[in-house]
Structures are given as structure tokens and as C-alpha cells.
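Asks: sharing a model prediction with you, sequence too.
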Amino acid sequence: MTESTPGPSDDTVEATELIVEIVEEAPAPAFGVLEGRDASPALAPAPVVQAIETSTTVIADAEGIAVVETTTVQAIPVPAAAPRPTAPAPTALKRPARPAATPSAPPMRRTDPARFGRIDAEGTVWLRTPAGEVVVGNWAAGTVDEGMAFFGRKYDDILVEVDLAAHRLREGRGLDTAPTAVAHAREALAAPSFLGDVTELERACDEVESLMSTARAEREAARARQREEALAAREVLVVEAESLAESTQWKATGDRFTELLEAWKAAPRIDRGREQALWKRFSSARTSFDRRRRQHFATRDAERKEALGAKETLIREAEALSSSTDWAGTTRAYRSLMDRWKAAPRGSRQDEDRMWARFRAAQDAFFASRDAVNAERDVEHRANLERKEALVVEAEALMPIGDVAAAKRALRGIQERWEAIGHVPRGDKDRIERRLKAVEDAVRKADERRWAATDPARRARAEDTAERFRTALARAEQDLAAAQASGDARRIDAAQASVDSTRALLAAVEGTVSEFTGPAGS
């Protein structure tokens, strides 16, 4: 595109039709692309400006109206941009807060346009390239220096955009916006409208593309790591879920499955195929546990109903027996009911407490009636207790047992009178019977000793044993005499020990033999 402006004329009335084309968006003030440059007063941009191009000029004079097709370059203020919507806070998005990044920008490079181009006397703008000079536009809006500054600034704007893209890529960001900056610069190189170092701009574009390639590889590697980490995280959840599938800790395991499900929902996503495969395993484990838990509680409910039925039957039997007066038989029946109650399946604690109260009330009613009757009988049996206590005193007078036969005859008479007396109060029955039994045991043992003393076979065995010990003692005494004659202290000690032990055993056996020769009783 060429740029030109007509010469001034006193008779010219100029009407300009503006066709606005956005060349580039002004960079933000933080990067100092436009605001930081020292522009000439004639071309200094107002705050928030944008370069535009006008395309036609209409000239009227005394001879008529002529339309001259020309192009000029001017600058006009751009209205302030409408405020952008405020982004939601990170907490509203429920994402982890990131540390605030410190804004940074690359050093802005300034280009001396005179080194890379010129503006001739006709206003044609020439750019020096490795292939030679090329026309990049016309200048007619001011002095040559102002034109050189304007076209140099256009180069600086492109270069700073590329430098900014490279800077962001080195910081690990800006991969999504860098292609736009490179494409813009490549388009500007293909149809230049600036004055600047073409070679440097091409090198800067090549560098950005290299950085983009590296950044894409790093991003892909990072995404691969994230996918593997996400896969591992979900695998951990699945393995734990499968380990809990056979658990019988219904409450704790059910709560844990709920936590695992929430963790699954919050875990990073992975590729659909692998996520579906893991979800099938997770869901299968969870379903298996839920099915077993439902079966368990269904079985427990059935058992509870069975327990209710069985214990209701026992309660009805117990209530039917509560008014019985067959004290002994009913007592045995209640013991049988208690054994059946313990063997019956258990229901819930509430049901067990309620049914046990009814069962126990029936037993208590029967035993209360029995105890009342027994209390009346105990009053009647008090006299019998006094008579039996007198018999016990008489029996205890037989000890120690001297004449076994006489003691047996006396005890037999006491036992006959004992049976004839009858019952005693229940509370004293065991005590009084233990005292009589002690006398009976003493008489029986005395009788057993008398019989042992008169047993011929035992006596013969005792005498034979005594004779053998006498022979052993004589031999030990001979050994002792020989040891003493030899003067060997060790032999003497051993022989003396043998004599002492044999003599002690002989004394014990002779004591047994003497029992058979003593009085045996009549």
C-alpha cells in the first residue's frame, strides 16, 4: 500500500471520508508499548489511541469538483473500552487459590529506523532488506523525521509483541497467545509497512516458535504426568474399594465407601476409556458390599422375627405355669424353659428387654407363691430342727472312733430316728445334714482301716517287704565295715548314707507290719 497526501491549495475545499481499519490493538500500559515512547509532538498519541487510514479526498475549486484517490495516515482518539465483567472469585469456582504472580515484562528494544530505511523527497518510504530496498508506504503527514519515527514505531510495536511472547514462554506461560503474536509478525514481514531490522524480527519469530515447541512438549509431558497421577489416584481408590467389598463392618465400611465416592468425584479426570474401566471395578466393589449388607440385615430381620415367635411361645408357657402348686415339678419345668430361652435366637435389644420382663414376671409369680408356702412350712418344721440338732450332738459324741463295731451300731440307730423326724426348715437343712455326714464319714473310714488291718494278703506283702529290707540293711552294714577298714573317706560316706536310708525304709515297713499285729476291734 502506498501512502500520499496532496499539496495545499488556497481554492481547495476538502471533504474527507474516513474508512477505519484497526491495524493493531494498543498494548496495555503495563508493557509501555505506545505510552513509553518519545514521539514527536505532531504524532504523539493521545491516551488510548489507535492508528487508522483514510482512503479518499474530494477537492472542489472554481472549475468544478474533482475526486482524487489518495491515502493518508492519521491518528484519532479511541473511546475508552467498556468495563469488562468481573471474574468470579476463586472460592466461587471452588478451585485452589494460586499465589499471585508478580507482573514482569521484557526490556523494550528501540529501533533506529534510519539504519533500516529512508524516506525520499517524494515521500516514498523505503525499507532495506537482505534482498534489497522495498517500498513500504508513503509519508505526507509531517516532516521526514516524524515519518521515520512513525514507521520505526510500527516496527517496535511488532517486535515488542514478539519479545513479550518470548518472555512469557520463558516464564512458563503465554503458550496460547504466542502463536497470534508470531502470526502477526509473519504477516508484517510478508507485507512490511514499517522501518526496522527484518533479520532480527525473523530471528525473534524463529526463537518464539522454538520456545513454543519446547513449551508444547513440556505441557504435554506435564499433562501426561497429571494423567498418570490422576490414574494412580483413582487406582488407589479402586484398590481400597475392592479390599472393602467383603467387609462385615457394615457401619464403618458404609461410611468409608461414601468418602471414597466423594473422593472419586473430586479426583482429576483421565481418559474416558480407562476411567470407565476403573469405575466399573469401583462400582462393582461398592455394589457387592451393598448387596451383602442388605442381605445381612434382611437375614437379621428374619432372625428377629423368628426369635420373637420362639420367645413368645416360651413366655406363654411360663405364664401358664405361674399359678401351679406342683412346686418341684414346676421348678424343673422353669429350669427347662430357661435353657430353651438361652438357646433361642436373639432379637433386638429393645425386644429382648421387653420379652424378658414378661418371662421373668411369670417366674417371679410362681417362685413367690412357692416361697410363701415354704415359709409357712418352715414354722411347722422348727421343732423337727431342734430334735435333729440333738441327734447330731449325740452322733458327734461317738468321735474319735474307738470301737468301730459299737460306733456303727450307735450311728445306725441315730440315722433311723433322723429319718422318722421328718423335714426341717429349708434354710437349715444343708447345715444340719453336713454335721451328720461328717460323723458318718468318720465311722466309714475307721471301718475301712479295721478291714485293711485284718487283710491276710496285705499283711503277707508287708512282712515280705520288711524281710527284704532287713537283708538289704545287713548288706549295707557289711559294706560300711569294709569301707571303714579301708580308711577311704568317700567310700565310708557313701556306705553310711546307704545304711541310713535302708534303715529308715525298714522302720517304715515294720510300722506297717505292726498295724496288722495290733488290736483290730470287735
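Replies: Here it is on my side, so go on. Numbers count the residues shown, from 1 in each chain.

Asks: grab the longest helix from this protein for me.
Replies: helix 272-321 (DSSP state H).

Asks: helices or strands up against it?
Replies: Applying 3 or more C-beta pairs under 8 Å, 6 or more residues apart in numbering; DSSP states H and E, we find helix 272-321 packed against helix 198-244, helix 250-266, helix 327-343, helix 349-380. Yep, even glycine has a C-beta here, placed from its N, CA and C like the rest.

Asks: how about a markdown table for those, with mean pLDDT added?
Replies: Below are the helices and strands packed on helix 272-321 laid out as a markdown table (pLDDT from 0 to 100):
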| stretch | mean pLDDT |
| --- | --- |
| helix 198-244 | 91 |
| helix 250-266 | 92 |
| helix 327-343 | 86 |
| helix 349-380 | 83 |
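
Asks: columns distance to residue 170 and mean neighbour count on top of these, output as a markdown table?
Replies: Output for these, formatted as a markdown table (distance: least, C-beta to C-beta, whole Å; neighbours: other C-beta atoms under 10 Å):
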| stretch | distance to residue 170 | mean neighbour count |
| --- | --- | --- |
| helix 198-244 | 7 | 15 |
| helix 250-266 | 34 | 13 |
| helix 327-343 | 82 | 13 |
| helix 349-380 | 71 | 14 |
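
Asks: same list (the ones you listed) but as JSON lines, adding distance to residue 436.
Replies: JSON lines is the format used below for the helices and strands packed on helix 272-321 (distance: least, C-beta to C-beta, whole Å):
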{"stretch": "helix 198-244", "distance to residue 436": "69"}
{"stretch": "helix 250-266", "distance to residue 436": "62"}
{"stretch": "helix 327-343", "distance to residue 436": "23"}
{"stretch": "helix 349-380", "distance to residue 436": "20"}
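
Asks: residue 381 contacts residue 427, correct?
Replies: No - using C-beta atoms under 8 Å, residue 381 makes no contact with residue 427, being 10.2 Å away.

Asks: buried set for stretch 277-289?
Replies: By 16 or more other C-beta atoms under 10 Å, the buried positions in stretch 277-289 come out as 278, 281-282, 285-286, 289.

Asks: on that earlier part again, what's the closest of the helices and strands packed on helix 272-321 to residue 391?
Replies: In terms of C-beta to C-beta, the element of the helices and strands packed on helix 272-321 nearest to residue 391 is helix 349-380, at 18.8 Å.

Asks: check which helices and strands the helix or strand that comes right after the closest one is in contact with.
Replies: Once the chain leaves helix 349-380, the next helix or strand it forms, by DSSP states H and E, is helix 382-396. If you count contacts as 3+ C-beta pairs under 8 Å, 6+ apart, helix 382-396 packs onto helix 404-421, helix 426-453.

Asks: for residue 258, find the nearest of those helices.
Replies: helix 426-453 (62.3 Å).

Asks: report the buried residues of the closest one.
Replies: For helix 426-453, by 16+ other C-beta under 10 Å, it's 428, 432, 436, 439, 442-443, 446-447, 450, 453.

Asks: most widely separated two among these?
Replies: For the buried residues of helix 426-453, the farthest-apart pair by C-beta to C-beta is 428 and 453; their separation is 38.7 Å.

Asks: related to what we said a few turns ago, just the buried residues of helix 426-453 now: which is nearest residue 461?
Replies: Looking across the buried residues of helix 426-453 and measuring by C-beta to C-beta, the closest to residue 461 is residue 453, at 13.5 Å.

Asks: returning to what we had before: of all the helices and strands packed on helix 382-396, which one is nearest residue 326?
Replies: helix 426-453 (17.2 Å).

Asks: quick one: mean pLDDT for that closest one?
Replies: For helix 426-453, the mean pLDDT works out to 83.

Asks: and the next helix or strand after it, average pLDDT?
Replies: For helix 426-453, the following helix or strand on the C-terminal side (DSSP H and E) is helix 456-486. Helix 456-486 shows a mean pLDDT of 82.

Asks: what do you get for stretch 174-183?
Replies: Stretch 174-183 shows a mean pLDDT of 91.

Asks: how about residues contacting that stretch?
Replies: 161-162, 164-169, 205, 208-209, 211-212, 215-216, 219 (C-beta atoms under 8 Å, 6 or more residues apart in numbering).

Asks: quick check, nearest of those residues to residue 412?
Replies: Checking these one by one against residue 412 (C-beta to C-beta), the nearest turns out to be residue 219, at 113.9 Å.

Asks: please name the residues that touch the closest one.
Replies: residue 175.

Asks: out of the helices and strands packed on helix 382-396, which gets nearest to residue 191?
Replies: Comparing these by C-beta to C-beta, helix 426-453 comes nearest, at 125.7 Å.

Asks: mind giving me the packing neighbours of the closest one?
Replies: For helix 426-453, the packing partners by 3+ C-beta pairs under 8 Å, 6+ apart come out as helix 349-380, helix 382-396, helix 404-421.

Asks: distance between that helix and the chain's centre?
Replies: Distance of helix 426-453 from the chain centroid (C-alpha atoms, centre = their mean, to the nearest Å) equals 70 Å.

Asks: what's the burial count for residue 272?
Replies: Using other C-beta atoms under 10 Å, residue 272 has 8 neighbouring residues.

Asks: and it, what's its pLDDT?
Replies: Value for residue 272, per-residue pLDDT: 89.

Asks: what of residue 140?
Replies: The score at residue 140 is 88. That number is its pLDDT.

Asks: then it would be within a helix, right?
Replies: No - according to DSSP: H, G, I helix; E, B strand; the rest coil, residue 140 belongs to no helix; its state is coil.

Asks: quick check, it in contact with residue 123.
Replies: Yes - Residue 140 lies in contact with residue 123 (C-beta under 8 Å); the separation is 4.9 Å.

Asks: from the buried residues of helix 426-453, which is closest to residue 259?
Replies: Closest to residue 259, out of all of the buried residues of helix 426-453 and judged by C-beta to C-beta, is residue 428, at 68.2 Å.
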